[in-house]
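Colleague: Here's a sequence, model it:
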Amino acid sequence: MKINLIAIGKKMPDWIQTGINHYQKQLPRELNFSLTTPEAQKRKGKNIEQIKELEGELLIKASAGANLIIAFDEHGKQHTTKEIANIMKNWQQNGDSVALLVGGADGLSNAVKQHTHLTWGLSNLTLPHSMARLLAVEQIYRAHSLLTNHPYHRE
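Modeller: Modelled structure (predicted):
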């Protein structure tokens, strides 16, 4: 199994990057987790649709080689951590190469939405865009913890 979180934007607030680093360090090597951060497009002289299209091309290119592509979008299906753990168990059994896509601040282009196999939501709350990648990495860690019988919270 391989999981590649592909998120537009290289510069994140320090506290976000610290959180991402914390969870990445706790993921085992056999999970083959990577984080790819294509550059966000400059806004000067472009409208929102042009920016989404350009960033979408970067996401599609970075996801090449994955046999399962999942985009995070506010309208996507939300899953519990236990559900994600079961999904990851299937990925492991199938030897899947998974690309998890996080668009830029303006969202995903139509081309990206058509390119993906699934669309997941992270929360019904309004969150800063940069938190999407932190939440995704944290949930991968939590799901892996469940799969290895490590309690992630008190039930």
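Colleague: after the longest strand seen in the chain comes which helix or strand?
Modeller: When the chain is parsed with DSSP state E, its longest strand is strand 68-78. Following strand 68-78 in sequence order, the next helix or strand is helix 81-94 (DSSP states H and E).
Colleague: Can you pull out the residues in contact with that following helix?
Modeller: By CB atoms under 8 Å, 6 or more residues apart in numbering, the residues outside helix 81-94 that reach it are 1, 3, 68, 79, 96, 98, 139-140, 142-144, 146-147, 152. The C-beta positions use only the backbone N, C-alpha and C, and glycine is treated the same way.
Colleague: Contacts for the longest strand of the chain, please.
Modeller: Counting by CB under 8 Å, 6+ apart, 63, 91, 96-103, 107-108, 112-113, 115-124, 132, 136 sit against strand 68-78.
Colleague: Swap in 6 Å and give it another go.
Modeller: Contacts with strand 68-78, where a contact means CB atoms under 6 Å, 6 or more residues apart in numbering, come from 63, 96, 98-102, 108, 116-122, 132.
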